[in-house]
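Return a 3D structure for these sequence lines:
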Amino acid sequence: MTTSLSRWQIGTTIAILVLSTVSTLLGLFRPGHYRDHPDFLTALYVQDLTILLVGVPVLALGLLLASRGSLRGYLVWLGALAYMTYMWASIAFSVAWNEFFLGYVVLFGLSLFALISGFAGIDEDQVYREIHGRVSPVVYPGFLWAIALGLALLWLGDLVPPLIEGTQPTIVDELGEQATVSHAIDLAVLVPALSIAGYWLWQRRPWGYVVGGVVLLLGTLLAPSITGMTVVLILEGEITVSVWGIVFTMLPLVIAAALAINYLLAFGGKKPPQSIDGIPATGEL
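Okay, the predicted model is just below:
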């Protein structure tokens, strides 16, 4: 019975940390690294900075704690991998071609499959035993559903009216075609994940406590990136955002951070996901 991450998971995570550091430093300091629309460059710099200062340290911390047998650390590791998967998918799909393009692809692939392996290796029943009764099966699902609905309405509000009118979304006119990549990822992946996690939590299923925590940690880690990019683009006059748009974007991130902290504090941090005879315990979906 093992009490630590596999060598593959440790090696993959270290590779993600190294490549992420290299990529962000190139983006921040290499002249002419990005060939995107000038109006989009500042947002890319903010994105690089937050990955370097937030994503990399949190992933490293999660790796360290999880490798020492902390269940809390394992969940931090999963949340950080979810963040890296989201960010590198966005970058790989939206950034104009440059010499590090294959690096973005590798980072996206490594993050995605490390995340999948992490979910496959977790003992969801152990997570349930650790925090059942400490995490509200009413407040958490309600918040996850509210975020899913709000995010869907926010992005569909950008996309549906232009479709009906036969025009382009305003954000595409302002930032170019790559501006809708986040819309696609959020509507295809994040909104369903939030909805399903909320449903499982409401039904008190063990997997709800796993997925719900991971998406809350993802939202918490995304907060600096989203806040920074939004503020910069508004100050530079590159995008048009209503006051309500700002409120509905920032307030959920603050609440997500508070709930994520409460979620992590519910763990004793003593027991990791376990496997029997080297075979991950996957449980029943």
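
residues making contact with the helix or strand T13 falls within?
In this structure, T13 sits in helix 7-29 according to DSSP states H and E. Helix 7-29 is contacted from outside by 5, 33-34, 44-45, 48-49, 51-52, 55-56, 59-60, 63, 67, 77, 81, 84, 88, 100, 103-104, 106-107, 110-111, 113-114, 117-118, 121, using CB atoms under 8 Å, 6 or more residues apart in numbering. C-beta coordinates here come from the backbone N, C-alpha and C atoms, glycine included.

helix or strand for the residue lying closest to L264 once chain neighbours are set aside, which one?
Nearest non-adjacent residue to L264, counting by CB to CB, 6 or more residues apart in numbering: R72, 5.6 Å away. Here R72 sits within helix 71-94, counting by DSSP H and E.

Please apply the same query to T42.
Judged by DSSP H and E, T42 forms part of helix 38-50.

returning to that earlier point: are any of the contacts of helix 7-29 buried, and if so which?
Neighbour counting by 16 or more other CB atoms under 10 Å classes 5, 33-34, 44-45, 48-49, 51-52, 55-56, 59-60, 63, 67, 77, 81, 84, 88, 100, 103-104, 106-107, 110-111, 114, 117-118, 121 among the contacts of helix 7-29 as buried.

Now do the contacts for F119.
Counting by CB under 8 Å, 6+ apart, the residues that F119 touches are L78, V210.

For the residue nearest to L264, give its distance to L59.
From R72 over to L59 the distance is 15 Å, taken as CB to CB, to the nearest Å.

how close does L49 get to P169?
Applying CB to CB to L49 and P169 gives a distance of 27 Å.

go on, L156?
Noted for L156: a distance of 11 Å to P169, by CB to CB.

Please tell me how far M250 sits from T13.
Applying CB to CB to M250 and T13 gives a distance of 30 Å.

Which one's more surrounded, those two?
Higher neighbour count among M250 and T13: T13, with 25 against 15, using other CB atoms under 10 Å.

OK, contacts around the residue lying closest to I255 once chain neighbours are set aside?
Closest residue in space to I255, ignoring its immediate chain neighbours: F143 at 6.3 Å, by CB to CB, 6+ apart. For F143, the contacting residues are G198, P252, I255, A256, L259, by CB under 8 Å, 6+ apart.

Quick one: distance of the helix or strand following the helix holding T42 to the chain centre.
Where DSSP H and E defines the elements, the next helix or strand beyond helix 38-50 is helix 56-67. Taking CA atoms, centre = their mean, to the nearest Å, the mean C-alpha location of helix 56-67 is offset from the chain mean by 15 Å.
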